[in-house]
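Visitor: Sharing a sequence plus its predicted fold:
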2 protein chains.
Amino acid sequence: MRILMVGAGATGGFFGGKLAEAGRDVTFLLRERRAEQIRERGLEITTPNGDLTIQPKVATAEQLRESRERFDLIVLTTKAYQLQAAMEDLAPAVGQATMLLPILNGMRQFSMLDERFGAEHVLGGCARIYAEMDELGRIHQSAGPSQINYGEHSGERSERILSVDRALRDAGFQTVLEPDILATLWQKWWFLASLSATCVLGRGVVGDIAAVVPYGPSLARAVIEECAAITQANGYPIAESALLHHIDTMTQPGSTLSSSMYRDLIKGAPVEADHILGDLVDRAKGVSAPLVAAAYVQLKVYEAAQAN
Amino acid sequence: MRILMVGAGATGGFFGGKLAEAGRDVTFLLRERRAEQIRERGLEITTPNGDLTIQPKVATAEQLRESRERFDLIVLTTKAYQLQAAMEDLAPAVGQATMLLPILNGMRQFSMLDERFGAEHVLGGCARIYAEMDELGRIHQSAGPSQINYGEHSGERSERILSVDRALRDAGFQTVLEPDILATLWQKWWFLASLSATCVLGRGVVGDIAAVVPYGPSLARAVIEECAAITQANGYPIAESALLHHIDTMTQPGSTLSSSMYRDLIKGAPVEADHILGDLVDRAKGVSAPLVAAAYVQLKVYEAAQAN
């Protein structure tokens, strides 16, 4: 199976690097600057269990356009705000049987990919990993899971999803062929959105907000309940135990937990406002979600200021 | 009537300066640094209708303690977070018939003053003025109203409130002896609190937030409705026309309106979090106010970070 990894950031670089090291046929689609860096230094990955440097196959959008090569599986691990540009770059690699596996949070990637390439090409996926890229392009995985979940939107165990499963498994990270990948994505989404919205509204990490008794813990709880209610209204039930566990996590005194979106906001970096919060409130289906909407407003005001 | 103005910031300096210029017996109670500045340069005030420099009577807390002078009327125009310290400074000037006239937004000043000096000393008041102090201590009034409203909490036209009215009127600014000063304060409070909470949650001026259609205007409206509902639950009805006018103001595209609390937040200056927002949600009387509470949480997280 010929695999195209779109981007070699922390997530794509880690999983693509592990696949290449395990002998799979992986090519990275990269911007010129990142392609140059990897041609020169290799793709360097450090993990708690040892380090590796590989020399993967690399292509730029221009090379892809010229070569007219088609890929069997295209894995997308871009940030949401880079997805539109990435779709244009990878378009020449999409043949009639090509599968697109987006590894993003939220749901908006599906309508974008479906519209551009046709829903029949699009699988569902998400990842769990704690990794960061440093200024030299080296990827550092910290302790914790490294896992990809994937599946057909229908839940079907089709021939093609089984072939994806065979291609991805046993490459040095966990894989899960999901019977209901959309449910998994929704479960991840309400969790992530509520963490992000709480940190954005309170402008702090979980412990900072939990310290403002009683309104801080109430804020976290109310945001969680809004996100969970939207998820349920969309047909994805949430177990009471999962809800209580998340409320407990999000009201822990002293906790340094925050979302990457909040950290990006504080740094002045781009944020996935529309993708993670805007799209969620747009799908509220009559559920009242004033707090998540307020966090979204703040992020859009921030984006407008960044654009100027 | 012997008047003690506590502080000579933009508000206190303007009204106290005008009173002194009009020949009233005014003394300013000041910190050493501000006293020194005014002794050297005088109290300089610029207004759209002309400038003035006066040499007012000035006392520090130590001088007040030593002189044992009592005043008839003590006007407080400090920031809420300076009130506790100011009460200690002015305490020696409070005699048996002394009236305390706090010119602050919100309501928390009353419980503080009542507890420290006894409710029988305490009048109610508020001001409308657009003025700023520059780094040399000069006070600059911009166009707009300059007005003080005051009254007995009971609404009574007592001998003493009539004497205050005579002392303050005809000194170059508007005065209003209020039949229900608490109602006036509540009307000012819900207006100010909703403006502050909206700007804090959206992290922008009114026009920035209004531009995030439809969630920005909805945010402003929902915050206004929370503040208005708390006000009504406390026994102060709000006219439909006032509510609609405020919603209209707070959803104006392009508006540069914001609250001084939001501007202080952005500057890294102290904010009146407990006084303007915390006290309001504490008085919610069963009214649900998640958005105002969220803004309060953000300000408390900010205050905790400032303190470190």
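Guide: Yes, it's here. Numbering: from 1, shown residues only, chains lettered A, B, ... in the order given.

Visitor: Near chain B, which residues of the stretch 1-150 of chain A? Just list them.
Guide: Contact residues, the stretch 1-150 of chain A versus chain B (C-beta under 8 Å from any C-beta of the partner chain): none. C-betas here are computed from N, CA, C, even on glycine.

Visitor: Check the stretch 151-300 of chain A too.
Guide: Going by C-beta under 8 Å from any C-beta, the residues of the stretch 151-300 of chain A near chain B are A:201-204, A:208-209, A:211-212, A:215-216, A:218-219, A:222, A:281, A:290-291, A:293-294, A:296-298, A:300.

Visitor: Point out the ones among these that are inside strands.
Guide: Counting by DSSP state E, these place none of their members in strands.

Visitor: In contact with A:Ala185, which residues?
Guide: Wrong residue type there; residue A:185 is Leu, not Ala. Contacts for A:Leu185 (C-beta atoms under 8 Å, 6 or more residues apart in numbering or on different chains) come out as A:Asn105, A:Gly106, A:Met107, A:Gly124, A:Cys126.

Visitor: Just to be sure, which of the residues of the stretch 151-300 of chain A next to chain B are found in helices?
Guide: Among these, the residues falling in helices (DSSP state H) are A:201-202, A:208-209, A:215-216, A:218-219, A:222, A:281, A:290-291, A:293-294, A:296-298, A:300.

Visitor: What remains of the residues you listed if I keep only buried residues?
Guide: When burial is judged by neighbour count using 16 or more other C-beta atoms under 10 Å in any protein chain shown, the buried members of these are A:201-202, A:208-209, A:215-216, A:218-219, A:222, A:281, A:290-291, A:293-294, A:296-298, A:300.

Visitor: who touches A:Lys2 in this structure?
Guide: If you look again at residue A:2, you'll see it is Arg, not Lys. Here A:Arg2 is in contact with A:Asp25, A:Thr27, A:Glu69, A:Arg70, A:Phe71, A:Asp72, A:Leu73 (C-beta under 8 Å, 6+ apart).

Visitor: Helices of the stretch 1-150 of chain A, start to end?
Guide: Ranges of helices in the stretch 1-150 of chain A, per DSSP state H, counting those that start in this stretch, are A:10-21, A:32-41, A:61-67, A:83-90, A:108-117.

Visitor: possible to save the ones you listed as TSV with mean neighbour count and distance to A:Ile238?
Guide: TSV is the format used below for those (neighbours: other C-beta atoms under 10 Å in any protein chain shown; distance: least, C-beta to C-beta, whole Å):
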stretch	mean neighbour count	distance to A:Ile238
helix A:10-21	24	26
helix A:32-41	15	39
helix A:61-67	15	40
helix A:83-90	17	27
helix A:108-117	17	21
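
Visitor: of all the contacts of A:Leu185, which comes closest to B:Ala307?
Guide: Nearest to B:Ala307 among the contacts of A:Leu185 is A:Asn105, at 34.7 Å by C-beta to C-beta.

Visitor: The closest one - nearest residue in space that isn't next to it in sequence?
Guide: A:Leu192 (5.5 Å; C-beta to C-beta, 6 or more residues apart in numbering or on different chains).

Visitor: Quick check: the one you found touching A:Ile276?
Guide: Yes. Checked against C-beta atoms under 8 Å, the pair A:Leu192 and A:Ile276 is within contact range at 6.5 Å.

Visitor: Kindly state the domain boundaries assigned to chain A.
Guide: By the assignment in automatic domain parsing, chain A contains the domains A:2-179, A:184-307.

Visitor: Could I get the CA-only coordinates of stretch A:57-71 as PDB?
Guide: This file holds the C-alpha atoms of stretch A:57-71, laid out as PDB (Å, rounded to 0.1, in the frame of the first residue of the first chain):
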ATOM      1  CA  LYS A  57      10.700   9.800   0.600                       C
ATOM      2  CA  VAL A  58       9.700  13.400   0.300                       C
ATOM      3  CA  ALA A  59       7.600  15.200  -2.300                       C
ATOM      4  CA  THR A  60       6.600  18.800  -2.700                       C
ATOM      5  CA  ALA A  61       3.200  19.800  -4.200                       C
ATOM      6  CA  GLU A  62       4.900  20.700  -7.400                       C
ATOM      7  CA  GLN A  63       6.700  17.400  -7.700                       C
ATOM      8  CA  LEU A  64       3.400  15.600  -6.900                       C
ATOM      9  CA  ARG A  65       1.700  17.500  -9.700                       C
ATOM     10  CA  GLU A  66       4.500  16.700 -12.200                       C
ATOM     11  CA  SER A  67       4.900  13.000 -11.300                       C
ATOM     12  CA  ARG A  68       1.100  12.200 -11.600                       C
ATOM     13  CA  GLU A  69       1.700   9.500  -9.000                       C
ATOM     14  CA  ARG A  70      -1.500   8.200  -7.300                       C
ATOM     15  CA  PHE A  71      -1.500   6.900  -3.700                       C
END
